[in-house]
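>>> Below is the structure, and that's it, no one-letter string:
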């Protein structure tokens, strides 16, 4: 993994008694780019927090599966194939490949898992109260100061409604989330015809981008006069109790769920 490394992790607080333009490090020697209205303190010890860029991790996982003899098909699943009495799984229906036969299927479809499985396995009495938390994020590139003086930052909530999380990556790229104002999406909005029925409909909230830019500019001069290279949004799956959903699907042999 070329993007794997250890890096320090700090918490950041902006409070009214800290004079703008000053920085209180609380024993943290680096992160000098956090030069605004902020107080920081260390959150980890030892070698630091392990980091890897998600894209590289996924690409290499797929390559490892293929090297081991597995066939990886990337497509949209649009339904399931069941046996004659609907008591066993026979495969899944996909948009491009048609029916892919299988006698064991694990459904890991993020926030869409609950709404789709409740529809596809309506006769099983399955109830999966998963929702999607739609959250805006930003990516900055070519940030030289953070390439050599790097740490991950977790901020408390500020007056812009943001609680920024700042993740520097190799080569001067910085990923920022915690922009606040996340939309909680559930039910029909996740199904066909809903405004969040597929990943390509999940877009950044421009208002939260502007709020996050203000919060970053208050914390660091890195955010002043600089525009993000990418604004985007993701949908994080979450159950009502915050726990993962991992189980066999009742009454359907060979069908399992692992989500949230």
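Looks like it arrived, so ask away. None of these values were measured; they are calculated from a predicted model.
>>> quick one: least confident helix or strand in this structure?
strand 23-24 (a mean of 47; mean pLDDT, DSSP states H and E).
>>> where along the stretch 101-250 of the chain do the helices fall?
With DSSP state H, counting those that start in this stretch as the criterion, the stretch 101-250 of the chain has helices at 113-120, 144-148, 206-219.
>>> Pick the most deeply packed of these.
The densest packing among these, expressed as mean neighbour count by mean count of other Cβ atoms under 10 Å, is seen in helix 113-120 with a mean of 22. (Glycine included, C-beta is placed from N, CA and C.)
>>> got the contact list for it?
For helix 113-120, the external contacting residues (Cβ atoms under 8 Å, 6 or more residues apart in numbering) are 79-80, 107, 109, 126-131, 186-188, 190-191, 237, 245, 249, 257, 259-260.
>>> gap between the two ends of stretch 107-115?
Stretch 107-115 stretches 12 Å from its first residue to its last (Cα to Cα, to the nearest Å).
>>> So residue 77 is in contact with residue 96, correct?
No: if you go by Cβ atoms under 8 Å, residue 77 and residue 96 don't touch, sitting 10.7 Å apart.
>>> In terms of neighbours, single out the busier of these two.
Neighbour count, other Cβ atoms under 10 Å: between residue 77 and residue 96, residue 77 has more, with 17 against 8.
>>> Please name the residues that touch the residue nearest to residue 49 when sequence neighbours are not counted.
Once flanking residues are discounted, residue 49 sits nearest to residue 9: 4.5 Å by Cβ to Cβ, 6 or more residues apart in numbering. By Cβ under 8 Å, 6+ apart, the residues touching residue 9 are 42, 43, 44, 48, 49, 151, 152, 153, 154.
>>> Apply 10 Å and report the result again.
42, 43, 44, 45, 48, 49, 51, 151, 152, 153, 154, 167 (Cβ atoms under 10 Å, 6 or more residues apart in numbering).
>>> could you list every residue that touches residue 174?
Counted by Cβ under 10 Å, 6+ apart, residue 174 has contacts 33, 138-143, 145-147, 150, 153, 166-168, 216, 222-223, 228-229.
>>> For beta bridges, what are the partners of it?
Bridge pairing for residue 174 (DSSP bridges) gives the partners residue 140, residue 168.
>>> Quick check: phi and psi on residue 255?
Main-chain torsions, residue 255, degrees, to the nearest 10: phi -110, psi 130.
>>> Give me the distance between residue 117 and residue 255.
Here the criterion is Cβ to Cβ, to the nearest Å. By it, residue 117 lies 9 Å from residue 255.
>>> want to throw the helices of the stretch 101-250 of the chain into TSV with mean pLDDT and distance to residue 161?
Putting these into TSV (pLDDT from 0 to 100; distance: least, Cβ to Cβ, whole Å) gives the following:
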stretch	mean pLDDT	distance to residue 161
helix 113-120	93	28
helix 144-148	85	24
helix 206-219	96	6
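>>> before we move on, back to that, okay, and the common contacts of residue 117 and residue 255?
Joint contacts of residue 117 and residue 255 (Cβ under 10 Å, 6+ apart) are 80, 107, 124, 126, 249.
>>> number of nearby residues for residue 84?
7.
>>> Show the contacting residues for it.
Counted by Cβ under 10 Å, 6+ apart, residue 84 has contacts residue 90.
>>> Pretty sure it sits in a helix.
No: under DSSP: H, G, I helix; E, B strand; the rest coil, residue 84 sits outside any helix and is assigned coil.
>>> May I have the phi/psi pair for it?
According to degrees, to the nearest 10, residue 84 has phi -60, psi -40.
>>> Now do the closest residue in space to residue 138 that isn't next to it in sequence against residue 176, distance only.
Of all residues not flanking residue 138 in the chain, residue 228 sits nearest, at 3.9 Å (Cβ to Cβ, 6+ apart). Noted for residue 228: a distance of 8 Å to residue 176, by Cβ to Cβ.
>>> Quick check: neighbours shared by those two?
Common contacts of residue 228 and residue 176, defined by Cβ under 10 Å, 6+ apart, comprise 137, 138, 139, 140, 209, 212, 213, 216.
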